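**Student:** Whatever this is, show me its structure:
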Amino acid sequence: MERVHTGTFGGRFPEVPATPLRAAPAVAEGQVLIITADNQLYTLDADTGQPVWRHAGFFEGAGLLGGPSPAVDRGVVVVPYSSAEVFALRVDNGRPVWNETMIGARGDVRAFGNLTDIRGRPVIDRGLVLAMGTAGQLPAVELRSGQRVWERGIGGSQTPWTAGRFVFVTTALHALCALALTLPGEADIAREISANIDPDAVFAGREALTATIAKANAAVAGGVNVEIIRVSGDDLVLDVFERGAGRTQACGTGACAAAAVANDWGLVGTDLKVRMPGGIARIGLGETVTLAGPVNAVAKVEYPWP
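**Tutor:** The predicted structure is shown next:
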């Protein structure tokens, strides 16, 4: 045990696993977390080196040399084992929160043969756990509940990398993939909205459109803002429905968001107009998003202060 604050050697941990370690340890909440080659997680007190708790996965005789360290966030440690198991455990006492088995469909062609190892470290980003194994599966799992938000039939031995709204992975076939990063709750909301919006109502007039949006809002707890866009030349036509208010004349943030998404989909460029019932806004997309439009005085209000 090395004393980091002085650099002097503080002695060895009194309790060291007999099995070789699989990866570098992780340190969180005053504990050292170590994965061994026989798929066991040991936790030791960071100050005394005394054992706190231990967890065991299934033993797997075949695997890649080395392995990933555990990932820790919000009091939960995510442990990858070479048996394709991923366990989420409470850091304080080791109690399981959830577990997943990352094995793809039978008959899949895999660059790693029948190895089920998880070589890349799990990534925890905004409550979402991403882990990719050699057995051909990349799931995105909610950290707290263990619910799968989405999954892809992608296998590899490298750690996923998240950046903004995307996750980048290098596959076993040496391909670089960029996937949209759907966060917890977003997929459920999207499903509820799409399930309750009648596509025919979009073109059936204002009353039918308002009714179908109201139905979608009622299906989502707390309601949602919904923007419906139509491409018109190089520009967008936008209908805005805001929770609690219904159909509104315009929405600046909604216009910016709609323009950014439409540009991401390849429908419009980076300099465009968004036409709304209340007027036209010009949107510029770059490192930042700019919003410009006419300004009119509508009232003069005096308020006593203080």
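
**Student:** quick one: the strands in the stretch 1-150 of the chain?
**Tutor:** Using DSSP state E, counting those that start in this stretch, the strands of the stretch 1-150 of the chain run over residues 26-28, 31-35, 40-45, 51-56, 71-73, 76-80, 85-90, 96-101, 123-125, 128-130, 138-142, 148-152.

**Student:** Can I get the ones you listed in a markdown table including mean pLDDT?
**Tutor:** Below are the strands of the stretch 1-150 of the chain laid out as a markdown table (pLDDT from 0 to 100):
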| stretch | mean pLDDT |
| --- | --- |
| strand 26-28 | 90 |
| strand 31-35 | 90 |
| strand 40-45 | 90 |
| strand 51-56 | 91 |
| strand 71-73 | 92 |
| strand 76-80 | 91 |
| strand 85-90 | 92 |
| strand 96-101 | 90 |
| strand 123-125 | 90 |
| strand 128-130 | 90 |
| strand 138-142 | 87 |
| strand 148-152 | 83 |
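
**Student:** Can you add mean neighbour count and distance to residue 266 and give those strands back as CSV?
**Tutor:** All C-beta spots, glycine's among them, are computed from the backbone N, C-alpha and C. As requested, the strands of the stretch 1-150 of the chain are exported to CSV (neighbours: other Cβ atoms under 10 Å; distance: least, Cβ to Cβ, whole Å):
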stretch, mean neighbour count, distance to residue 266
strand 26-28, 17, 41
strand 31-35, 23, 43
strand 40-45, 21, 45
strand 51-56, 16, 47
strand 71-73, 20, 35
strand 76-80, 25, 35
strand 85-90, 21, 35
strand 96-101, 16, 34
strand 123-125, 19, 26
strand 128-130, 23, 26
strand 138-142, 22, 24
strand 148-152, 16, 22
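
**Student:** Could you dump those strands into CSV with distance to residue 242 added?
**Tutor:** Below are the strands of the stretch 1-150 of the chain laid out as CSV (distance: least, Cβ to Cβ, whole Å):
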stretch, distance to residue 242
strand 26-28, 42
strand 31-35, 46
strand 40-45, 48
strand 51-56, 48
strand 71-73, 34
strand 76-80, 36
strand 85-90, 37
strand 96-101, 36
strand 123-125, 29
strand 128-130, 27
strand 138-142, 28
strand 148-152, 26
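
**Student:** Count residues in the vicinity of residue 121, would you?
**Tutor:** Neighbour count for residue 121, taken as other Cβ atoms under 10 Å: 21.

**Student:** From residue 139, how far out is it?
**Tutor:** The gap separating residue 121 from residue 139 is 15 Å, by Cβ to Cβ, to the nearest Å.

**Student:** now residue 166
**Tutor:** Separation of residue 166 from residue 139 (Cβ to Cβ): 17 Å.

**Student:** next one: residue 161
**Tutor:** 16 Å.

**Student:** Over to residue 42?
**Tutor:** Taken as Cβ to Cβ, the span from residue 42 to residue 139 is 26 Å.

**Student:** again, but for residue 68
**Tutor:** From residue 68 to residue 139 the distance is 16 Å (Cβ to Cβ).

**Student:** So residue 224 sits against residue 243, correct?
**Tutor:** Yes - assessed by Cβ atoms under 8 Å, residue 224 is found in contact with residue 243 at 5.9 Å.

**Student:** For the two, indicate the residue with more neighbours.
**Tutor:** residue 224 (17 against 12).

**Student:** what secondary structure does the more buried one sit in?
**Tutor:** Put simply, residue 224 is coil when judged by DSSP: H, G, I helix; E, B strand; the rest coil.

**Student:** What of residue 259?
**Tutor:** helix.

**Student:** Begin at 686 from now on, thanks
**Tutor:** In the new numbering, first residue 686, that becomes residue 944.

**Student:** pLDDT value on it, please?
**Tutor:** The per-residue pLDDT reported for residue 944 equals 92.

**Student:** Also residue 919?
**Tutor:** 89.

**Student:** could you list every residue that touches it?
**Tutor:** The contact partners of residue 919, taken as Cβ atoms under 8 Å, 6 or more residues apart in numbering, are 953, 954, 957, 958.

**Student:** Can you give the domain ranges for this structure?
**Tutor:** With domains defined by automatic domain parsing, the chain comprises 711-865, 870-908, 910-978.

**Student:** Many thanks, we can stop here.
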